[in-house]
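Student: Starting from these lines, generate the structure:
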Amino acid sequence: MTSGTGFPVTQSGLQPLAILGGGPVGLTLALLLAKRSVASIVFDARTLEQARTDQRVLALSLGSLQTLRAFVELPATALAPIRSVIVSSVGDFGRAVLDDDELGAEILGATIRYGDLVATLSAAAEANELITLRRPHKVVAVRQSPSSVELELENVNELENEQRISASLAISAEGFGHTGAASVSHAAVVADLELTGIGSDQAFERFTREGPLALLPLPSSTAATRRRALVWCMKTAEADRRIDLEDSAFIDELIAHFSESALRVVSLHARRRYPLHEQARDQLVEHRMVYLGNAAQTLHPVAGQGLNLGLRDSVALAEQIGLTHADARDPVQALHRYAQSRRVDRAAIVALTRFAPAFFSTRFSPIALARSIGLTALAVVPKLRREFARLLMFGVRF
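Tutor: Numbers count the residues shown, from 1 in each chain. Predicted coordinates:
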C-alpha cells in the first residue's frame, strides 16, 4: 500500500514518518520502526557513495552491537573488537582496567568506520519495503500543523520535481546546527597509527592536562603491529600547532603522554583536525518534531558515548511509536512518554562527557588528589569497576 505521495504506508493507513538524516542513528531508527510495521522515509543530503568515503572511526558499545545485530550482520572484517580499556591520567596515581572477562561479557564493544556502518545499514534499509530512502535530498524547512508536518525539499535531483511531502512526524537526526567556529575553543586531532608494545584488542583512555587522549583498535591489525585510531582532544590553538608538526615531532609529543615504556609508533597516517562542538537541547520534542542523536545532543568524544546514546534514543523512540501504531493511534501520542523515558540516561551521559575532561585537566591540587583516589577506587573495587563499565556499555538502565 502507498500514500498519495507514492510512499509506503501500513495497513492502518497512517502516514509514514519522515527521518531527516541517513546516518547510523537515522537508519537504525528506520529499521527498528520497520520491525514494528511502521513505515518511514529517510532523507539524506549526501549520496551513499559520499557517505561510504567517510573514514571516521566510531566506537560501538556492547549494547549498541546487540541493538544492531537484531536486524543487520556487521561484516567481521570491518569490526575491531575491544576487550579491555585502560583508563589512566598523566601525573596521577591510579590506573583502572575494564576487562570483558571480569564483566562476563563477550566483548566491551568494537570500532567500525562510519562509511562501513552506513553501507551495511543502507543495504538493510533498501531491502525493506517499509523504508523509502531519498538520497541526495535535503530538507530545507519543516512546517507543522495540528495533524501532520510538511517538509520542503531542496531539489538536488533534476529528475524529480517533488518539492513538498507530508508526514505524521518529522524526526531530525542530522546534527545540532552549530553556531559557528568562533564559539569552539577545543578540537580533536585524529589519525591512524601503527603501534608495537600494545596488547591485542586493547583500548586506552589517557587523560592529560590538555584533554583526553584515546587509542582505539582498528580492523586489520596483525600480531606484530597493532593498528589504532587516535583521538586527541585539546585547545584549538594546540590542535592547529600539532597538525602542522612533522610526523616525527608529532609522534614524540604523543609518546611523551604515555607511561608504557614499550609503546612505539611505527607509522602515522591520515592526521586531521575536527572542532569539538558540545551542545544539548533542552527539549527533545516540539509537537510533531523530534530531535534524535546528534540533533538532540552533540557530545565531547571522551569515552565514545555520542553514537551509543543516539542508538539508545532510537530504540526507545521506536518502542513508543510502535505501541501507538499497534493501536492505530496518532504517533504524536508517543512522544511525551519517549522524552520522559530518556531523561535520566541522557542527563547522566551528557554530564559525564561534559565534566570529565575539565575534571581531569585541572591542576588544582584537591581535585588532582580526588581523581587519583577515584582511579584507585576503580582499580581496586571490582563492583565499582563493573558498574562503571556497564554504564558505558548500556547507559542508565532501570
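
Student: Show me the helices in the stretch 251-398 of the chain, by range?
Tutor: Using DSSP state H, counting those that start in this stretch, the helices assigned to the stretch 251-398 of the chain run over residues 306-326, 335-341, 343-361, 365-380, 382-394.

Student: Which positions within the first one qualify as buried?
Tutor: Translated: helix 306-326. Applying a neighbour-count criterion of 16 or more other C-beta atoms under 10 Å, one finds 306-322, 324-325 buried in helix 306-326. Yep, even glycine has a C-beta here, placed from its N, CA and C like the rest.

Student: What of the shortest one?
Tutor: Under the neighbour-count criterion of 16+ other C-beta under 10 Å, helix 335-341 has 335, 338-339, 341 buried.

Student: ok, so of those residues, who is nearest Leu216?
Tutor: Taking C-beta to C-beta as the measure, Ser341 is the one of the buried residues of helix 335-341 closest to Leu216, at 29.9 Å.

Student: where's the closest one relative to Arg363, distance?
Tutor: Spatial separation of Ser341 from Arg363 under the definition C-beta to C-beta, to the nearest Å is 40 Å.

Student: repeat for Arg371
Tutor: Remark: distance between Arg371 and Arg363 (C-beta to C-beta) = 11 Å.

Student: more neighbours, those two?
Tutor: Set Arg371 next to Arg363 and count neighbours by other C-beta atoms under 10 Å: Arg371 wins out with 18 against 8.

Student: Isn't that one up against Asp92?
Tutor: Yes - counting by C-beta atoms under 8 Å, Arg371 does reach Asp92; the two are 5.8 Å apart.

Student: follow-up on the earlier one: could I get the helices of the stretch 251-398 of the chain as CSV with distance to Glu246?
Tutor: Rendered in CSV, the data for these read as follows (distance: least, C-beta to C-beta, whole Å):
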stretch, distance to Glu246
helix 306-326, 32
helix 335-341, 50
helix 343-361, 26
helix 365-380, 33
helix 382-394, 36
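
Student: Which of these sits closest to Leu230?
Tutor: Across those, Leu230 has its closest neighbour in helix 343-361 (16.4 Å, C-beta to C-beta).

Student: Find the nearest non-adjacent residue to the most centrally placed residue in the chain, please.
Tutor: Computing the C-alpha centroid of the chain and ranking residues by C-alpha atoms, centre = their mean puts Leu307 first, at 1.5 Å. In space, Leu307 comes closest to Leu58 once its chain neighbours are excluded; the distance is 5.4 Å by C-beta to C-beta, 6 or more residues apart in numbering.

Student: Then Asp44?
Tutor: Nearest residue to Asp44, sequence neighbours excluded (C-beta to C-beta, 6+ apart): Gly22, at 3.0 Å.

Student: doesn't Arg135 make contact with the one you found?
Tutor: Yes - here Gly22 lies in contact with Arg135, judged by C-beta under 8 Å, at a distance of 6.3 Å.

Student: Which residues are in contact with each of these two?
Tutor: Taking C-beta atoms under 8 Å, 6 or more residues apart in numbering as the contact rule, the neighbours common to Gly22 and Arg135 are 43-44, 46.

Student: Enumerate the positions of stretch 73-88 that are buried.
Tutor: Under the neighbour-count rule (16+ other C-beta under 10 Å), stretch 73-88 has 74, 78-88 buried.

Student: Before I go, just wanted to say thanks for your time.
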